[in-house]
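> only the shape, not the letters, is given here:
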């Protein structure tokens, strides 16, 4: 599977075919991720740690300013990140571009879950990864559904260039979120002068 929520590409379909023709024990013997891969996985995970911090801070700020109504008012500390994103998006201040940014942060969280919760191996002759899990919950969190006929291992395949390519998008969204937080933290009517 390509990046979660994406459509399959001819390359990922070819990768999936390789996996289907290879035994689990043999795949577990495939090369481990390189140091550069681990740095990429760590960067994505850390960006989402920053998103979580900023979004929780944003929700607390919005709540203190009376921007949340039931069922969110006064409950930001107890909300999961999914609930927090829903609460933030529920307030009618967001322009379409801001709504899109919030939705992208939420939808790309699946990539973070993939690199943080699945075992990764490199395809021997491809610039690509297989991500493996034994957890149906983790798989559903990333891919949105379970495959037909769950067998011994759940997996997804991903072109390494696609994964590297998501980082600039995430970094841009992180800058946007930090700026929105700064703007929300200013008292209403403040001119900044």
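Arrived safely, thanks for sending. Keep in mind that this is a model prediction, so the values were computed, not measured.

> separation between the nearest residue to residue 101 once chain neighbours are set aside and residue 185?
Excluding its sequence neighbours, the residue lying closest to residue 101 (C-beta to C-beta, 6 or more residues apart in numbering) is residue 176, at 5.3 Å. All C-beta atoms are positioned from the backbone trio N, CA, C, and that covers glycine. Distance of residue 176 to residue 185, computed by C-beta to C-beta, to the nearest Å: 15 Å.

> more neighbours, the two?
residue 176 (17 against 13; other C-beta atoms under 10 Å).

> so which helix or strand takes in the more buried one?
Assigned by DSSP states H and E, residue 176 falls within helix 160-185.

> remind me which residues of the chain are low pLDDT?
The model of the chain has pLDDT under 70 over residues 1-7, 149-152, 187-193.

> list the helices and strands whichever helix in it runs longest packs on?
Determined from DSSP state H, the single longest helix within the chain is helix 35-64. Under the contact criterion of 3 or more C-beta pairs under 8 Å, 6 or more residues apart in numbering; DSSP states H and E, helix 35-64 touches helix 81-90, helix 96-117, strand 119-122, helix 160-185.

> if you skip the residues just before and after it, what's nearest to residue 126?
Closest residue to residue 126 apart from its sequence neighbours, by C-beta to C-beta, 6+ apart: residue 15 at 6.5 Å.

> look up how far residue 9 lies from the one you found.
The gap separating residue 15 from residue 9 is 9 Å, by C-beta to C-beta.

> equivalent analysis for residue 176, please.
In this structure, residue 176 and residue 9 are 28 Å apart, going by C-beta to C-beta.
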